[in-house]
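In: sharing a model that was predicted from the sequence below.
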Amino acid sequence: MPYYQEIANKTSHLDFIRNPDVQEFLQKCEYLVPPDKSQIEKLDQLFKPPPRLLNPHLLPELVFASDGSYYEVELDDQIPHTRVGFLKIGAVLLSLKEMNGLFDGTFVDPFRLATLQDNHTALTFVLPGANVRLQGKESVRDSFRAALDSQLLDKRARFIENDYRTSLRSTLFYLAYHRAGELQSADPFHLKIFKCPTCENGPIEVEDKEEQQFCPYCKAEVYPTDCLRIWEYITDFQSSQAALGVLMYVLEHLLMVHYIRLIENKALLALPQIAFFIDGPLAIFGNSSWLHLSILRYIYRVNQKLQNHHQPPLLIIGLQKTGQVADYVRLIENFLPADRLFAIDDEYRYKYIIVNRERSHRGFGAETYYGQDFIFKTRQGRTFVFALPYPFASKEIVGESFVKQKTQWEKYSNLPLAVELIERLQTELFKNAVIPIALAHRYTAISLQPGGRVLEVLTMRALA
């Protein structure tokens, strides 16, 4: 462990490179490698021409996209373990009609693109980190819990300012209502917390109300957002990066459900006219992973209501820019012909993509994923990794055949729509990007310089 600000020796790595034991060890390891000849031949068999949209009038009128970013500030160079976290979740709403003509086959018209950037919004969160406490709180963890709950309930996170039940926090109650098992709530106005963060007794039921609530066992303060269990990542003297990362992904999905809930209640039949893009896989990881099944059940319930009105299902697309599948695609995309699609099955994933992971007996992503991953190479030669929600109420209902059924194209009635939309929205702004996600990221990305420095100055002034 180096001293503070000690610079490492630039040649110390040579000892590892020259060590024969290291080379022998690496030869025994399995990891992601470029495909060999036999695997390339297998690609030709697995990747097929995608289903195509026969009626272009079925395309949605609007495109919603969300993205997030976070940054942790050290308040003082002399005290590097005193930190505050910033998190930003943004959303853009774009008209597909207005985007027509943006793409000429090679480039995006920057002037026309600039006119589409007005319909955006962003939520910002400021959360205490190591060695920072809110007044009246006994620990960093308690401070983080209080700040998170307060900001999800805040007027900025509501559809209607004077109605707290239109807040992001209330959407969390709504998802808890779709939870399964002993922690399922009886109605969308109550939820159950696995355990009290103070005395660890539980479960504890809380209400969707503005007043402070308390643990029935130890009388300590409890918050509805404790059900996300993000507070378990928080310690008094260590970085909150892990907590901020998990929270960012949770809020991206929560924000999407938040908007769907609003539209469902106000104008259900408008939902098929909106395509929802989200950055990353359709999955929730970490301590909050229980949300993935609640989201799956909620989407299925909304789709059933739409079907009763003879309407198509929700179009929700998770688009992955990074991760193991995206890394794998970069290895194989040059070997794929244009206009090809593949629904990644478990056998292929464990054999070629995540070779270093133990196979789950319940199927890949059993505890985290609510959508199926596809690899798609467009007619123009750009390759995308995208996901669509599983077309089931739950994985358990399908049973053992779920692993097989989840990859069957015919189960996804809006697959042709997703393929057509990705092709129409692809852009050269970034490698294998689509316009909505690129714009959503633009309004949420917190650059280290100068944006990060601005946050540092703002924080130090506020706490001075």
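Out: Looks like it arrived, so ask away. Because the structure is a prediction, the values reported are computed rather than measured.
In: may I ask you to name the longest strand in this protein?
Out: Secondary structure of the chain per DSSP state E: the longest strand is strand 79-95.
In: got the buried residues for it?
Out: Under the neighbour-count criterion of 16 or more other CB atoms under 10 Å, strand 79-95 has 82-94 buried. The C-beta positions use only the backbone N, C-alpha and C, and glycine is treated the same way.
In: do stretch 239-250 as well
Out: 239, 240, 243, 244, 245, 246, 247, 248, 249, 250.
In: got it, and stretch 61-72?
Out: Under the neighbour-count criterion of 16+ other CB under 10 Å, stretch 61-72 has 62, 63, 64, 65, 66, 67, 68, 69, 70, 71, 72 buried.
In: what number of residues lie near the residue nearest to residue 312 when sequence neighbours are not counted?
Out: Ranked by CB to CB, 6 or more residues apart in numbering and with sequence neighbours excluded, the top spatial neighbour of residue 312 is residue 272, at 5.0 Å. Neighbour count for residue 272, taken as other CB atoms under 10 Å: 19.
In: how about residue 220?
Out: So residue 220, with other CB under 10 Å, has 13 neighbours.
In: next up, the contacts around it.
Out: Neighbour list for residue 220: 196, 197, 198, 199, 214 [criterion: CB atoms under 8 Å, 6 or more residues apart in numbering].
In: related to what we said a few turns ago, which residues are in contact with the residue nearest to residue 312?
Out: Per CB under 8 Å, 6+ apart, neighbours of residue 272: 60, 306, 311, 312, 313, 314, 315.
In: now, the buried residues of stretch 61-72 that are in strands?
Out: Cross-referencing the buried residues of stretch 61-72 against strands under DSSP E gives 62, 63, 64, 65, 66, 67, 68, 69, 70, 71, 72.
In: and those, which is closest to residue 164?
Out: Ranked by distance to residue 164 (CB to CB), these are led by residue 66 at 22.2 Å.
In: isn't that closest one up against residue 260?
Out: No: assessed by CB atoms under 8 Å, residue 66 is found out of contact with residue 260, at 11.5 Å.
In: any low-confidence regions in this structure?
Out: Within the chain, the segments meeting pLDDT under 70 span 1-19, 21-33, 76-80, 98-121, 399, 427-464.
In: mind giving me the domain split of it?
Out: According to automatic domain parsing, the chain comprises the domains 28-128+239-464, 132-236.
In: as a markdown table, those with distance to residue 20 would be great.
Out: Formatted as a markdown table, the domains of the chain follow (distance: least, CB to CB, whole Å):
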| stretch | distance to residue 20 |
| --- | --- |
| domain 28-128+239-464 | 13 |
| domain 132-236 | 40 |
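In: ok, of the buried residues of stretch 239-250, which one's closest to residue 294?
Out: Set against residue 294, the nearest of the buried residues of stretch 239-250 by CB to CB is residue 250 (11.7 Å).
In: confirm that the closest one sits in a strand.
Out: No: Residue 250 is assigned helix when assessed by DSSP: H, G, I helix; E, B strand; the rest coil, not a strand.
In: if you skip the residues just before and after it, what's nearest to it?
Out: Leaving aside its chain neighbours, residue 250 sits nearest to residue 288 (4.9 Å; criterion: CB to CB, 6+ apart).
In: look up how far residue 154 lies from that neighbour.
Out: 20 Å (CB to CB, to the nearest Å).
In: who has more neighbours out of the two?
Out: Higher neighbour count among residue 288 and residue 154: residue 288, with 20 against 16, using other CB under 10 Å.
In: how far does stretch 146-161 sit from its chain's centre?
Out: Mean-position distance between stretch 146-161 and its chain equals 20 Å (CA atoms, centre = their mean, to the nearest Å).
In: stretch 159-178 now?
Out: For stretch 159-178, the distance to the chain centre is 19 Å (CA atoms, centre = their mean).
In: what do you get for stretch 144-154?
Out: 20 Å.
In: one more: stretch 317-324?
Out: Chain-centre distance of stretch 317-324: 9 Å, with CA atoms, centre = their mean.
In: okay, it in PDB with CA atoms only?
Out: What follows is stretch 317-324 as a C-alpha-only set of coordinates in PDB (Å, rounded to 0.1, in the frame of the first residue of the first chain):
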ATOM      1  CA  ILE A 317     -35.700  -1.400 -25.500                       C
ATOM      2  CA  GLY A 318     -32.600  -1.800 -23.400                       C
ATOM      3  CA  LEU A 319     -29.600  -0.800 -25.400                       C
ATOM      4  CA  GLN A 320     -26.200  -1.900 -24.100                       C
ATOM      5  CA  LYS A 321     -23.100   0.100 -24.900                       C
ATOM      6  CA  THR A 322     -20.700  -1.700 -22.400                       C
ATOM      7  CA  GLY A 323     -20.500  -5.000 -20.600                       C
ATOM      8  CA  GLN A 324     -19.600  -8.500 -21.400                       C
END
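In: for residue 205, helix, strand, or coil?
Out: Secondary structure for residue 205, judged by three-state DSSP, is strand.
In: and the closest residue to it other than its chain neighbours, what element?
Out: Once flanking residues are discounted, residue 205 sits nearest to residue 192: 5.2 Å by CB to CB, 6+ apart. Secondary structure assignment for residue 192, by DSSP states H and E: strand 190-193.
In: I would like the residues contacting that strand, please.
Out: 172-173, 176-177, 182-185, 202-208, 222, 224, 226-227.
In: what subset of those is buried?
Out: 172-173, 176-177, 183, 185, 202, 204, 206, 208, 222, 224, 226-227.
In: out of those, flag the one nearest to residue 385.
Out: The closest of those, once distances to residue 385 are taken by CB to CB, is residue 172, at 28.2 Å.
In: so who does that closest one touch?
Out: Taking CB under 8 Å, 6+ apart, one finds 152, 191, 224, 225, 227, 228, 254 in contact with residue 172.
In: swap in 10 Å and give it another go.
Out: Shown in contact with residue 172 (CB atoms under 10 Å, 6 or more residues apart in numbering): 149, 152-153, 191, 208, 224-225, 227-228, 250, 254, 257-258, 288, 291, 294.
In: re earlier: and the contacts of residue 272, which of them are in strands?
Out: Judged by DSSP E, strands contain the following of the contacts of residue 272: residue 315.
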